[in-house]
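>>> sequence first, predicted coordinates after that:
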Amino acid sequence: MKTSPFIYGVAVSGKSFTNREKELEKLTKNLVGGINTVIISPRRWGKSSLVDKAIQQISEGNLNTRIVHIDLFSTSSEEEFLSKFAREVIKSSSEKWEEWLKIGKDFFKQLIPKFSVGIDPETDFSVSFDFGELIRHKDEILGLPQAIAARKKIKFLICLDEFQNLAAFDGYENLEKKMRAEWQRQKDVCYCLCGSKRHMMTDIFDNSSKPFYRFGDLIPLQKIERERWIEFIVAGFKDTGKSISSEAAALIADHMRNHPWYVQQLSHYTWQNTRKTARSEEVSRALEELLRTNAPLYHKEAEGLSGTQINLLKAIAEGVDQLTGTAAMQKYALGTPRNVSKNKTSLKNSDIIDENNGRLEFLDPAFEMWFRAQFLNR
Ligand SMILES: Nc1ncnc2c1ncn2[C@@H]1O[C@H](COP(=O)(O)OP(=O)(O)OP(=O)(O)O)[C@@H](O)[C@H]1O
Ligand SMILES: [Mg+2]
């Protein structure tokens, strides 16, 4: 039996990757040209997939460029970040572990790195520092890539995913200043910084009173266009010996409002539910399955909201424009105008709603469907 051509939950590549030609061209050009680039989009719209693809192309064509890729999702302190940063920079600077040890000797003046290398250095190699010293001499770590690059006549491309996580650490403001001061002087190092908490990313990179203002080119990643999804879905079915009408494929994209992760998920369920040819009935059944599967997550999400926040979401789901108008405030029990504005900000900050051309909408299309069924009996 063929396996499903539709993949979700991991960064996609090869045949599972579609569209993004323009973004890819811009990103690769920037990164090869040494222009720092910041990519911002809501969760699961395809940042990692795009960056992976750009990195792959760059590493094929620029053998002199060393690539460092760090996901900060599970990093929980400044010390952990700095150690990880040092480790990955050292590791990518050479294939030989003997050279890593030499870097430890040659490039640190204040800090004393402790190395441990196991039987397989590839997987069993770590660098650690005295934590107190690490914070005091963080510029030595932050300056490491440029120091190595200059000596070895190489370049570094450093990608940091979920960058906004750093902002939650104790002492972030000092780290932020130091990072900016070191990094903007580095001639042979280019940074690609991604993040999904948009209000935090925007506050870091687009606020003129903050150090990272104008640090690099800002790319707000969009969803993938409907037409491209239709082609992609039709091709995925065809390649695996099944078929789907373009109408049904369009239905998948429309239900999920072109959201990359969800379009792939709904396509997958539809594909699984189809023996030969998918039509709108198969899509409807798949949609029910998708909502059933994800319901526990949505329950949890709704449980974290206050009564007036739920009410505000009801009004948004029903397309109410004037949220602070007396009629809407009464009909939906939204509280005071101050409540409305606070709830709006908080729902935006937690990426539940988004403002698009002045209109508020749910960011997660399937959560919206579940919400309507749950709270509005639709
Ligand atoms: N270019 C693409 N072509 C096809 N599907 C895509 C593409 N980009 C993303 N997707 C779909 O969206 C899912 C999420 O993609 P990815 O992990 O790259 O997003 P992300 O923005 O990095 O997410 P997160 O915020 O969770 O890190 C993928 O598993 C895939 O199903
Ligand atoms: Mg990602």
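It's in. Ligands and ions are numbered 1, 2, ... in the order given.

>>> neighbours around residue 106, how many?
Residue 106: 12 surrounding residues under other C-beta atoms under 10 Å. (Glycine included, C-beta is placed from N, CA and C.)

>>> name the element the nearest residue to it once chain neighbours are set aside belongs to?
Using C-beta to C-beta, 6 or more residues apart in numbering and skipping residues adjacent in sequence, the residue nearest residue 106 is residue 151, 7.7 Å away. Element membership for residue 151, per DSSP states H and E: helix 144-152.

>>> quick one: average pLDDT of that helix?
For helix 144-152, the mean pLDDT works out to 97.

>>> tell me the buried residues in it?
Neighbour counts over helix 144-152 (16 or more other C-beta atoms under 10 Å) mark 144-149 as buried.

>>> and the next helix or strand past it?
For helix 144-152, the following helix or strand on the C-terminal side (DSSP H and E) is strand 155-161.

>>> tell me the one of the buried residues of helix 144-152 nearest residue 161?
Proximity of the buried residues of helix 144-152 to residue 161 (C-beta to C-beta) peaks at residue 145, which lies at 17.0 Å.

>>> got a list of what the closest one touches?
By C-beta atoms under 8 Å, 6 or more residues apart in numbering, the residues touching residue 145 are 68, 89, 156, 158, 186, 188-189.

>>> which sections of the stretch 201-350 of the chain are below the confidence cut-off?
Under the criterion pLDDT under 70, no range of the stretch 201-350 of the chain is flagged.

>>> quick check: residues of it near ligand 1?
260-261, 264 (C-beta under 6 Å from any ligand atom).

>>> got a winner among those residues for most neighbours?
Among those, residue 264 has the most neighbours (other C-beta under 10 Å), with 26 neighbours.

>>> buried sites along the helix or strand harbouring that one?
Using DSSP H and E, residue 264 sits in helix 260-272. Neighbour counts over helix 260-272 (16+ other C-beta under 10 Å) mark 260-271 as buried.

>>> redo those residues as a markdown table? Include distance to residue 231.
A markdown table is the format used below for the buried residues of helix 260-272 (distance: C-beta to C-beta, whole Å):
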| residue | distance to residue 231 |
| --- | --- |
| 260 | 14 |
| 261 | 18 |
| 262 | 18 |
| 263 | 12 |
| 264 | 14 |
| 265 | 18 |
| 266 | 16 |
| 267 | 12 |
| 268 | 17 |
| 269 | 20 |
| 270 | 16 |
| 271 | 16 |
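
>>> which among those gets closest to residue 335?
residue 262 (31.6 Å).

>>> just to revisit the earlier point, now flag whichever of the buried residues of helix 260-272 is closest to residue 35.
Comparing the buried residues of helix 260-272 against residue 35 with C-beta to C-beta places residue 260 closest, at 25.2 Å.

>>> in the stretch 51-200 of the chain, which residue sits nearest ligand 1?
Distance from ligand 1 to each residue of the stretch 51-200 of the chain (C-beta to the nearest ligand atom) is smallest for residue 196, at 4.0 Å.

>>> contacts only, for residue 239.
5, 15.

>>> the same query, at a cut-off of 6 Å, please.
Applying C-beta atoms under 6 Å, 6 or more residues apart in numbering, we find residue 239 in contact with residue 5.

>>> do the same with the one 10 residues further on
Each residue near residue 249 by C-beta under 6 Å, 6+ apart is listed here: 230, 233-234.

>>> would you turn the residues you listed into JSON lines with neighbour count and secondary structure?
Converted to JSON lines, the contacts of residue 249 look like this (neighbours: other C-beta atoms under 10 Å; DSSP: H, G, I helix; E, B strand; the rest coil):
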{"residue": "230", "neighbour count": "20", "secondary structure": "helix"}
{"residue": "233", "neighbour count": "28", "secondary structure": "helix"}
{"residue": "234", "neighbour count": "18", "secondary structure": "helix"}
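
>>> nearest to ligand 1 among those residues?
residue 233 (10.3 Å).

>>> in TSV: the buried residues of helix 144-152, plus distance to residue 4.
Below are these laid out as TSV (distance: C-beta to C-beta, whole Å):
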residue	distance to residue 4
144	43
145	40
146	45
147	47
148	43
149	43
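
>>> between those residues, which is nearest residue 243?
If you rank the buried residues of helix 144-152 by distance to residue 243 using C-beta to C-beta, residue 145 comes first, at 50.4 Å.
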